[in-house]
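**Student:** what follows is a predicted structure for the sequence shown.
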Amino acid sequence: MVHRAADKFHKTEKKGYAFMNKRRQLNRRQFLAAAGAAVSVPYLIRPGVLAAAGRSGANERLTIGMIGVGGMGRGHLKNMIRFREAGEVNIAAVCDVDEQRLARAVEIAGRGVLPYCDYRYILERKDIDAVLIATPDHWHAVQCVHACEAGKHVFVEKPTSVTIEEGRAMVVAAKRYKRVVQVGSQARSAKPAHDACTYIRNGMIGRVRKVTCWHRCPPRGHDSGPDTPPPTHLDWDMWLGPMRWRPHNKAYYHGKFRQIMDSGGGMIRDRGAHVFSLIRWCLNADSQAPVTVEAKGTPPTRGIYDCPVEMEVVYTFRNPDWQVTWAQPGDRYTNYPDKNNDFGLVFRGDKDNLIVDRDGTRYEAAPKAKSFKVHSGGVEVYRADKYEDYNMNHKLDWFGAIKTGAKPCMDVEAGHGAATMCILGNLSYLLGRKLQWDAKTQRVIGDEHANRLLAKPQRHPYHL
């Protein structure tokens, strides 16, 4: 049973946001009857006992809250259970606006984990050091910023943000509150991507002047059916969160939100966030941004989806000069015999080319990159490698950054840089024109119409 009274949401003088009226914590007795799981009060750790960034503490276990536990979130929860068994973390809380998913998460997590339907009450808990955010894309920025304000370190799924303004707010919040924010582009912790990065950074394909990406085309449309009242197990208002209000329709979720521009942004903002992260890492270009972006595409033919089906975006970089082309479907995909491998990229150097399947996570690197050994004085590329599972290693890198104060391998600034490419690609497509981007000011040069679309209104109280 969930209490439905409206939240009152107010700012405190000293720290972030405080929240009143805990309507979204489940009635435990009724929840447990539904979930068939036993939950007890989590072990509480005195403030100051855990390690802060750059300092060691008496108790090295981090206490984690999970925000969003369906889809990717459930996989992250299983990773955290493995870390708990290894003595790395405590799991204190799980949260989801879908009570059915929440019940499954409680069954998976076991005793000592409290369920919530509203993430804000996880942020209020003083015993929680860090949160892992795996909600739909339109929630990432607001929840990340609020978590930083509340003093929590953050692991947030990609893409970092839906708008440029949101991404900038995330970078500012992480710096202002001195929080470690790792973005879930896991290729930087995967061995195949590490092999490719090491091979490229050691000059084995020469100077890279062009990178071409391919991706299968998404569905050409989706018939949504009529709007309906939301099911009783789903808080539809909270699912929408920062987005403008719309009537409930099951075609918007779960996972289906990716083909709607407001919430998902299509293949380029989903898979593109992974691919652009890999490209920028391999070319040591996290500090670079495109100077021009030009997109064209074909819209869906029916239904509620509004992201392009076929799409081509060309990004031009200067000093050094290079180019990225994102294509749906793209030549490589069209000619590739294994249709299960639905996306990838080719680094084109002046000595050789290197193909990376997917984003360098699930498929081995090309044999020449996999067998390459760094010579004395060569470039050694860092990767956490305690586990075979790259998802585990990516979180391990985050833990290490929290405890030492080091920058994680996919920190929020790098995530914002990759997401900016995705967002500008969609913006050029929507406007039907080439954009000139000024990375220093984070503005489109000479195009105020485009600049107005770098941000969008957010609903109260779910806003930055």
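**Tutor:** Good, I have the coordinates. Numbers count the residues shown, from 1 in each chain.
**Student:** residue 416: what's it in contact with?
**Tutor:** By C-beta atoms under 8 Å, 6 or more residues apart in numbering, the contact list for residue 416 reads 160-161, 167-168, 170-171. From N, CA and C alone the C-beta is placed, and that goes for glycine too.
**Student:** just these now: which is nearest residue 60?
**Tutor:** residue 170 (27.1 Å; C-beta to C-beta).
**Student:** how many residues are close by that closest one?
**Tutor:** 29 (other C-beta atoms under 10 Å).
**Student:** so it sits in a helix?
**Tutor:** Yes. Assigned with DSSP: H, G, I helix; E, B strand; the rest coil, residue 170 falls within a helix.
**Student:** surely it is in contact with residue 179?
**Tutor:** No. Counting by C-beta atoms under 8 Å, residue 170 stays clear of residue 179, with 10.1 Å between them.
**Student:** got any residues that touch both of these two?
**Tutor:** With C-beta under 8 Å, 6+ apart, residue 170 and residue 179 have common neighbours residue 148.
**Student:** need the contact list for residue 423.
**Tutor:** 161-164, 167, 265, 269, 454.
**Student:** which is the next helix or strand following the strand or helix carrying it?
**Tutor:** Using DSSP states H and E, residue 423 sits in helix 412-431. Note on helix 412-431: by DSSP H and E, the next helix or strand toward the C-terminus is strand 435-438.
**Student:** could I get that following strand in CSV with only the CA atoms?
**Tutor:** Provided in CSV are the C-alpha atoms of strand 435-438 (Å, rounded to 0.1, in the frame of the first residue of the first chain):
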residue,chain,number,x,y,z
LEU,A,435,24.8,23.7,-36.4
GLN,A,436,28.0,25.5,-35.4
TRP,A,437,28.9,24.7,-31.8
ASP,A,438,30.9,26.8,-29.4
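**Student:** list the neighbouring strands of the helix or strand just after it plus their orientation.
**Tutor:** Sequence-wise, the next helix or strand downstream of strand 435-438 (DSSP H and E) is strand 443-444. Paired strands of strand 443-444, with direction, are strand 435-438 (antiparallel) (DSSP bridges).
**Student:** re the thing from before, out of the contacts of residue 423, which sit inside helices?
**Tutor:** Residues of the contacts of residue 423 located in helices (DSSP state H): 164, 167, 269.
**Student:** can you pull the contacts of the first one?
**Tutor:** The contact partners of residue 164, taken as C-beta under 8 Å, 6+ apart, are 420, 423, 442, 454-455.
**Student:** among those residues, who's most crowded?
**Tutor:** If you rank those by neighbour count (other C-beta under 10 Å), residue 423 sits at the top with 27 neighbours.
**Student:** buried sites along the helix holding residue 423?
**Tutor:** 412-429 (16 or more other C-beta atoms under 10 Å).
**Student:** now do stretch 305-317
**Tutor:** Within stretch 305-317, the residues that qualify as buried are 305, 307-309, 311-317, counting by 16+ other C-beta under 10 Å.
**Student:** so which of the residues you listed comes closest to residue 285?
**Tutor:** The nearest one, if we look at those relative to residue 285 and count by C-beta to C-beta, is residue 317, at 7.4 Å.
**Student:** kindly state the pLDDT recorded for that closest one?
**Tutor:** pLDDT, residue 317: 98.
**Student:** that one and residue 208, how far apart?
**Tutor:** Note on residue 317: its distance to residue 208, by C-beta to C-beta, to the nearest Å, is 11 Å.
**Student:** same check, this time on residue 249
**Tutor:** 44 Å.
**Student:** repeat for residue 136
**Tutor:** Counting by C-beta to C-beta - residue 136 and residue 208 are separated by 34 Å.
**Student:** ok, these two, which is more surrounded?
**Tutor:** Neighbours were counted for residue 136 and for residue 208 using other C-beta under 10 Å; residue 136 has more, 25 against 22.
**Student:** quick check: closest non-adjacent residue to the more buried one.
**Tutor:** Counting by C-beta to C-beta, 6 or more residues apart in numbering, residue 136 lies nearest to residue 257, which is 5.2 Å off, once chain neighbours are set aside.
**Student:** likewise for residue 357?
**Tutor:** Residue 357 sits nearest to residue 363 (C-beta to C-beta, 6+ apart), 3.9 Å away.
**Student:** which stretch of helix or strand covers that neighbour?
**Tutor:** Using DSSP H and E, residue 363 falls outside every helix and strand.
**Student:** now do the SS call for residue 140.
**Tutor:** Reduced to three states by three-state DSSP, residue 140 is helix.
**Student:** show me where the stretch 201-350 of the chain has strands.
**Tutor:** 208-215, 221-222, 292-298, 302-303, 310-317, 322-328, 343-349 (DSSP state E, counting those that start in this stretch).
**Student:** ok, the residue lying farthest from the centre of the chain to residue 199 distance?
**Tutor:** What lies farthest from the middle of the chain is residue 376; by C-alpha atoms, centre = their mean that is 36.2 Å. To residue 199, residue 376 is 17 Å away according to C-beta to C-beta.
**Student:** mind listing what the spatially closest residue to residue 135 that is not a sequence neighbour touches?
**Tutor:** Nearest residue to residue 135, sequence neighbours excluded (C-beta to C-beta, 6+ apart): residue 68, at 3.7 Å. Neighbouring residues of residue 68 by C-beta under 8 Å, 6+ apart: 95-96, 133-136, 139, 157.
**Student:** ditto for residue 215
**Tutor:** Residue 215 neighbours (C-beta under 8 Å, 6+ apart): 267-268, 271, 326-330, 333, 342-343.
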